[in-house]
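Visitor: quick one: sequence and predicted model below, then my questions.
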Amino acid sequence: MTGVAEETYGAGTELRLLVFSIDGSRFAADADQVDSLQLCDPESVPGHAVPFHEVVGFTGRAVTYRCPEICTIRSEAGICRLVIESPEDIIAVPWESLRPLPALIEPFAVQRGIWAGIAESNRIILVIDLCRLASTGNLWKMQGDI
Amino acid sequence: MKIRTKATLLNILLVTAAIAITVIFSLIQIHADATAQAKEVQESHLRTFWELLRAKGDTFSIKDGKLMVGDYPLNGNNELPDKIKELFGGTATIFMGDKRVSTNVVTAEGARAVGTVLEGAPHVALFSEGKPYRGEADILGIPYFTAYDPIRNARGEVIGAVYVGIKKNDYFAGYEKIMHGSILIALLVGGAFGLISIFLVRRLMLPLGAMVDKLREVSNHEKEVTDLTIRLEQQAHDEIGLVAGEFNALLEKMQQIISLVTNITREINSCAGTVSSSVHHQASFTSQLSSSVSEISSTMEEFTSTAAEIARHTQGVVETAETTLHDTREGAVKVETLTDKMAEISRDNQDGIREIVDLGRKSKEITKIMGIINTIANQTKLIAFNAALEAASAGEAGKRFGVVALEIRRLADNVFESTDEIEGKITEILDTVNRLVIASEKSSKGIQDGLEYSTHTTAILNDLVSGAESTTEAARQISLSTQQQQTASSQVVIALRDIEEGVRFSSSSIQQTSEVSRNLTEMAATLRKLVGTFTLVEGSGTAPAANSASAVETLEEVPCL
């Protein structure tokens, strides 16, 4: 999360998260980081869009997107387009509902943009910072490059 | 009696008989000539007597109890009988009736024999038959040739008789002398011839005696052996010499024959043994044959019984085959109908499959439509997400828009859920369609198979009909054949019974043959023993082989069964 965001969010505030699933794992991204969503033909993914699982570290196994969509992230660093599964929902999560990651895995998770978790009834939604992910993956593109 | 004695006696008898026959013939001739001469004389005397009577008168009559010729009385008048005696000798008598009234016959007392009555054959001839009589008679103990003629009166009635008699001795005295002389000469000649005959016969029979001695030597009863090597001597070239030669030839031939008989006897003995052996084997074979024929007869009787049963069953088979043929024909018709129905079902099934496939195709089209709807829902949802993102970025102003976006997103989710549900249903429909298609195809395959099976079954049933027809025909033929077989079996049984009877008869014949063979063997042994009694080679006691006169071979003991 950026410092601005940290200043914005605090106790009593809610975080609006875009929830989507990739290969059975549920992820949630800050809706504010998402500029837009576009339909994507699963057969012809544009070259400038990077599949989410490749960036997060699902490498080594094949992941099929049932209904892929291109998630556009726009920041000062540039524009990044990730191919994600069609979002399931946009949920508002109280800040205090966010759970920090275990210290053992946090250094590794943070490198992939995952910074917190939300406990559901019997599973965990991994909260991911798409900007950090784009930066870690060096995915930022300029407007003219696309 | 010796033949020499017989020949001598025969010679004497023949000579004596010849002499006797000659003498007797001569005596008979002389006797006949004497008799004829006596009768001629007698007739001459009688004619003379009649001429003397006719000289006295022409007719005879009885007047006053006296016989008259003419007027000349004859009773007690012995002139004419005495005239006859004077002229010729002999006796003469005139009868009035059957009583002597005039005669020259004188009794022993010297009185004329008048007043006596004529009796016997002359009386019958003269007075009963009215015929003359000629014959012999003793008059006063002296034999006479007698001649009686009847005296007839003018009416032809026999009123008396004329008699003339001449002494038989007057004509047969020379005959008696000749007879006695001839007998004496015959005896003398016979005796002389007898002596000569004895001499000649003895001389003639000497070689015959030698032959008899030789023959006795051949027969040799004491040794009970017949020596065929002995030969008779041919002393003369007469019949006896020829007989001796022929006898020698006969002995030679007999020697050869006996040799042949010896050989043949041995062969017969051997053959009898062979025959006996063959008969024994034949009897054994016949016994086996009889047993076999009995078994075959029994089997054939069972076979006949079985054939009868088969014939009955075959008739049942024929009826069953006919029923089967009828049922098969009906079955073929039914199966053809079934095939038509199956073809119809197949066509209906194909139509159903086409409909189901069309339904599946339409369901897929619905799925496509649902895909479009989903795409639209996706796009709607995407728009709703974007709107929500925009609304979020719009802050408080975008809250209502965010609610709308949320509702739109929920609506899109509902659409997704509905389309998912529809897709599930369509999937189920498609699955069902697929299953139906598969099932229909399977059914179609089954129906096709059934159709093919039906067609095949029809063909099979047609073949079956043909086969049933053939089977029925064959069953009929089998029934006929079985009946014929039954008849043939019965005939075979009858024939086997005949054979059995024949075998029994053959067995009996074989027993008889065996008996005959045994008898033959015994006879051969007896014959061999008999021919063994002939000496065929000089110095040998037994008979040699026949095929070589010089070879001396002793008969070996031939084994008999």
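Guide: Done, it's in.

Visitor: please make it C-alpha for all contacts and neighbour counts, starting now.
Guide: Fine.

Visitor: shaky segments in the chain?
Guide: I'll assume chain A. A:1-12, A:59-60, A:143-146 (pLDDT under 70).

Visitor: actually it's chain B I care about, not the one you picked
Guide: In chain B (pLDDT under 70), the answer is B:221, B:223, B:538-561.

Visitor: how about the nearest residue to the residue in it positioned nearest to chain A, chain neighbours excluded?
Guide: Nearest residue of chain B to chain A (C-alpha to the nearest C-alpha) works out as residue B:386 at 5.6 Å. Once flanking residues are discounted, residue B:386 sits nearest to residue A:36: 5.6 Å by C-alpha to C-alpha, 6 or more residues apart in numbering or on different chains.

Visitor: same check on residue B:301?
Guide: In space, residue B:301 is closest to residue B:493, 6.4 Å off (C-alpha to C-alpha, 6+ apart).

Visitor: got the contact list for the one you found?
Guide: By C-alpha atoms under 8 Å, 6 or more residues apart in numbering or on different chains, the contact set of residue B:493 is B:297, B:300, B:301.

Visitor: try it again with 10 Å
Guide: Applying C-alpha atoms under 10 Å, 6 or more residues apart in numbering or on different chains to residue B:493 gives the contacts B:293, B:296-304, B:487, B:499-500.

Visitor: same check, this time on residue A:130
Guide: Neighbouring residues of residue A:130 by C-alpha under 10 Å, 6+ apart: A:1, A:28-31, A:33-34, A:52, A:71-74, A:80, A:82, A:112-114, A:136.

Visitor: which stretches in chain A count as strands?
Guide: Under the criterion DSSP state E, chain A contains strands at A:14-22, A:25-30, A:34-39, A:50-51, A:68-74, A:79-85, A:89-94, A:98-100, A:114-119, A:124-128.

Visitor: possible to save those as a markdown table with distance to residue B:122 and mean neighbour count?
Guide: Shown next, in a markdown table, are the strands of chain A (distance: least, C-alpha to C-alpha, whole Å; neighbours: other C-alpha atoms under 10 Å in any protein chain shown):
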| stretch | distance to residue B:122 | mean neighbour count |
| --- | --- | --- |
| strand A:14-22 | 205 | 19 |
| strand A:25-30 | 205 | 19 |
| strand A:34-39 | 208 | 20 |
| strand A:50-51 | 208 | 20 |
| strand A:68-74 | 205 | 23 |
| strand A:79-85 | 206 | 24 |
| strand A:89-94 | 211 | 16 |
| strand A:98-100 | 220 | 15 |
| strand A:114-119 | 213 | 20 |
| strand A:124-128 | 210 | 21 |
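
Visitor: in CSV, list those strands along with distance to residue B:275.
Guide: Formatted as CSV, those follow (distance: least, C-alpha to C-alpha, whole Å):
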stretch, distance to residue B:275
strand A:14-22, 124
strand A:25-30, 124
strand A:34-39, 130
strand A:50-51, 127
strand A:68-74, 125
strand A:79-85, 126
strand A:89-94, 133
strand A:98-100, 138
strand A:114-119, 132
strand A:124-128, 129
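
Visitor: ok, back up a step: measure the residue nearest to residue B:386 to residue A:16 for me?
Guide: 15 Å (C-alpha to C-alpha, to the nearest Å).

Visitor: do the same with residue B:71
Guide: Distance, residue B:71 to residue A:16, using C-alpha to C-alpha: 244 Å.

Visitor: ok, residue B:288 next?
Guide: Look at residue B:288 and residue A:16: by C-alpha to C-alpha, they are 126 Å apart.

Visitor: list the contacts for residue A:98?
Guide: A:15, A:115, A:116, A:117, A:118, A:119, A:125, A:126, A:127.

Visitor: run the last query once more with 8 Å
Guide: For residue A:98, the contact set (C-alpha under 8 Å, 6+ apart) comprises A:116, A:117, A:118, A:119.
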